[in-house]
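Novice: Need a 3D model of the following:
(2 chains)
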Number of protein chains: 2
Amino acid sequence: MSLVVVGSVALDSVETPFGKKDDVLGGSATFFSTAAAYFTKVMAVAVVGEDFPEEHLAFLRSREVDLEGVTREPGRTFRWSGKYTYQLNEAQTLDTQLNVFERFSPRLPERYQKAEYVFLGNIHPELQSQVLDQVRSPRLVAADTMNFWISGSMPALRKTLQRVNLLFVNDAEARALAGEHNIVKAARSILRMGPTRVVIKRGEYGALLFEPEHVFALPAYPLEDVFDPTGAGDSFAGGFMGHLAQARALDHATLRRAMVFGSVLASFNVEKFSLERLRDLTLAEVNARYQLFRQLTHFEELPASVA
Amino acid sequence: MSLVVVGSVALDSVETPFGKKDDVLGGSATFFSTAAAYFTKVMAVAVVGEDFPEEHLAFLRSREVDLEGVTREPGRTFRWSGKYTYQLNEAQTLDTQLNVFERFSPRLPERYQKAEYVFLGNIHPELQSQVLDQVRSPRLVAADTMNFWISGSMPALRKTLQRVNLLFVNDAEARALAGEHNIVKAARSILRMGPTRVVIKRGEYGALLFEPEHVFALPAYPLEDVFDPTGAGDSFAGGFMGHLAQARALDHATLRRAMVFGSVLASFNVEKFSLERLRDLTLAEVNARYQLFRQLTHFEELPASVA
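Specialist: Have a look, this model is predicted:
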């Protein structure tokens, strides 16, 4: 039941074909925590600056996210600004201001250290390792990464991956990490780097879960309106890890359900700007969309006469 | 049980990152017929030139494909040559020689005219209409098209679409046809042009089936080795239409099974060059991969305590 996330809490400025918003609540730990909180209690580790609005922390507290691990430091909050074209799959980063995040050195409060489920958001792989040094006996360590670390900090990333049980990456990251274009071969290659499971996120095309002997493929929910893909990957990871922590199991059926809950949370997240859709999203809506995923993907066995 | 296909029979020269072959058996009617023949008797309408090897016709006959509608005309056979890079999703056409195909005017033999299921391969929309003029009372008319006709022959294509019940297109074609980037909106727009069903093929990302009130999404089978995507779309359509004709039903469950069989045939087709894989593919292998698609995509309902 105990889930720790370490990542960024940010103020984002986002432009999509449908509009533009400045300094809205963002960051990997924010999206992850909000999504995971539908299923379990989340303990967050992050840093914010003096300028970070108290109302955002109040929002996370209202979702029962434990913020003891979120420190407020002198300086400005981490800021990211990005732009999406009609090809909503990938953001173009316009500006990154690390600010207080530059000196971020994650410290886990005592009760966080007993966490059973850990999600290492997309931060420097050395910081990810530093978090793992503080966790005593996790049941499952999951991590995210990105091309920036794959191309710039591969030795550190390799070390961290040896301590990670489940890796979340997108197609391009999987290909870059494995140095292999074919996505099945890339996944198998990653499974030799440490993780025993790898989730490959493909945006509007869905997601794949690779285990040594099993593959699960789930399409994305077909949406008529995708407003803002920011945070989709982290809300996916949040729904996924939240369900795992709630279910307290790691069998295939549970992992597959986790894939669906991840996709459900991501699909809601992109329907509005920033965290707006998750702010008023109910658990009943989450469960209803799970059922819609069943209707979207279900097909019958072969008739006995054929099989 | 009676399925007519009209399309090309060609000699292809194909280059992929894995090799190069010249003048191998190709063409939309060829891939379609071979795939559909696993399920039902197929009647083909096409034209070949004086140079077309008799052994290729013998192969199709060995699959019980009715070739009364395939005429041999003076001149050379239609030739296509294309190249794939590591991005195997889309071919770069290097050369097209229409040859005898230039004067192709499809004529349906008497017994073809009573066909219940019709597949209009990717030929000029006016020729597609000309075929429909000769079919008496089809249960289902399906068609394929391509960007060449969408950008160059839209008025004729619009007319044909009004007589088509089911359209097969890929993402890019759907977007171009509808003038709409979002794939869900594009599909809904196509459903207002005539067809009551549209299948959107997305290569390695799978396929979507849109009906006015239902959507079905199926991932592609994750393959470690994709050798040659030529004919994948037509073998998809062949598996799909072959199953429909065999099942003699158009309910949701049957259409979904048809989506799976289409994906199964396409997934085998791309494993080797040209028709090579389908040459030795058995029905038992087809049905076994159908089951693998179940294992790939199946997930459980929510526990009753949650739902």
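
Novice: what sits against the residue in the stretch 1-150 of chain A positioned nearest to chain B?
Specialist: Nearest residue of the stretch 1-150 of chain A to chain B, counting by Cβ to the nearest Cβ: A:Tyr86, 4.8 Å away. Any C-beta I mention is one placed from the backbone N, CA and C, and that applies to glycine too. Neighbouring residues of A:Tyr86 by Cβ atoms under 8 Å, 6 or more residues apart in numbering or on different chains: A:Pro17, B:His181.

Novice: shaky segments in chain A?
Specialist: Within chain A, the segments meeting pLDDT under 70 span A:1, A:88-89, A:305-307.

Novice: sorry, back to before: and the residue of the stretch 1-150 of chain A closest to chain B, that's in a strand?
Specialist: No - counting by DSSP: H, G, I helix; E, B strand; the rest coil, A:Tyr86 falls outside a strand, being coil.

Novice: Quick test: name the residue nearest the centre of chain A.
Specialist: A:Asp234 (2.5 Å; Cα atoms, centre = their mean).

Novice: Isn't it up against A:Phe31?
Specialist: Yes - contact criterion Cβ atoms under 8 Å: A:Asp234 and A:Phe31 qualify, at 3.7 Å.

Novice: quick one on the thing from earlier: which element, helix or strand, includes the residue nearest to the centre of chain A?
Specialist: In the assignment (DSSP states H and E), A:Asp234 maps to helix A:232-247.

Novice: Check which helices and strands that helix is in contact with.
Specialist: When contacts are defined as 3 or more Cβ pairs under 8 Å, 6 or more residues apart in numbering or on different chains; DSSP states H and E, helix A:232-247 packs onto strand A:2-6, helix A:28-36, strand A:117-120, strand A:140-144, strand A:166-170, strand A:197-201, helix A:252-269.

Novice: The first one pairs with which strands, and in what direction?
Specialist: This points to strand A:2-6. Sheet pairing for strand A:2-6, assigned by DSSP bridges, gives strand A:41-48 (parallel), strand A:117-120 (parallel).

Novice: just checking, which of those sits deepest inside the structure?
Specialist: Mean neighbour count (mean count of other Cβ atoms under 10 Å in any protein chain shown) peaks for strand A:117-120 among these, with a mean of 29.

Novice: Can you name the next helix or strand after that strand?
Specialist: helix A:125-132.

Novice: List the contacts of that next one.
Specialist: A:4, A:6, A:45, A:104-106, A:108, A:118, A:120, A:138, A:141, A:143, A:145, A:149, A:153, A:156-157, A:159-160, A:163-164.

Novice: How many residues are close by A:Asp280?
Specialist: Using other Cβ atoms under 10 Å in any protein chain shown, A:Asp280 is surrounded by 8 other residues.

Novice: Would you check how far apart it and chain B are?
Specialist: Separation of A:Asp280 from chain B (Cβ to the nearest Cβ, to the nearest Å) stands at 21 Å.

Novice: got the phi/psi numbers for that residue?
Specialist: phi -110, psi 10 (degrees, to the nearest 10).

Novice: can you give me how far stretch A:105-119 is from the chain middle?
Specialist: Centroid displacement of stretch A:105-119 relative to its chain, using Cα atoms, centre = their mean, to the nearest Å, is 17 Å.

Novice: So which residues on the stretch 201-307 of chain A come close to chain B?
Specialist: A:202, A:204-206, A:208, A:215-220, A:222-226, A:253, A:256-257, A:259-260, A:287, A:290-291, A:294, A:296-302, A:306-307 (Cβ under 8 Å from any Cβ of the partner chain).

Novice: Sitting in strands, which of those do you find?
Specialist: A:Leu208, A:Val215, A:Phe216, A:Ala217, A:Leu218 (DSSP state E).

Novice: helix/strand/coil for A:Glu285?
Specialist: With three-state DSSP as the basis, A:Glu285 sits in helix.

Novice: wait, it sits on A:Glu271?
Specialist: No - A:Glu285 is beyond contact range of A:Glu271, at 10.9 Å (criterion: Cβ under 8 Å).

Novice: More neighbours: which of those two?
Specialist: Neighbours were counted for A:Glu285 and for A:Glu271 using other Cβ under 10 Å; A:Glu271 has more, 17 against 14.

Novice: Against chain B, how distant is the more buried one?
Specialist: A:Glu271 sits 13 Å away from chain B, going by Cβ to the nearest Cβ.

Novice: That residue sits in which helix or strand?
Specialist: Going by DSSP H and E, A:Glu271 is not in any helix or strand.

Novice: give me every residue that touches it.
Specialist: Per Cβ under 8 Å, 6+ apart, neighbours of A:Glu271: A:Leu223, A:Asp225, A:Val226, A:Phe227, A:Arg277.

Novice: any idea how far the third one is from A:Phe261?
Specialist: Yep, that's A:Val226 we're talking about. In this view, A:Val226 and A:Phe261 are 19 Å apart by Cβ to Cβ, to the nearest Å.

Novice: So if I had to pick from the two, which one is more boxed in?
Specialist: The neighbour comparison of A:Val226 against A:Phe261 (other Cβ under 10 Å) goes to A:Phe261, with 30 against 22.

Novice: circling back to that earlier point, out of the helices and strands packed on helix A:232-247, which is closest to B:Phe52?
Specialist: strand A:197-201 (43.6 Å; Cβ to Cβ).

Novice: Okay, now the sheet partners of that closest one, with direction.
Specialist: Partners of strand A:197-201 in its sheet, by DSSP bridges: strand A:166-170 (parallel), strand A:207-210 (antiparallel).

Novice: Also compute the angle for it relative to helix A:232-247, please.
Specialist: With axes from the mean of the first three to the mean of the last three Cα atoms, to 10 degrees defining the directions, strand A:197-201 sits at 140 degrees from helix A:232-247.
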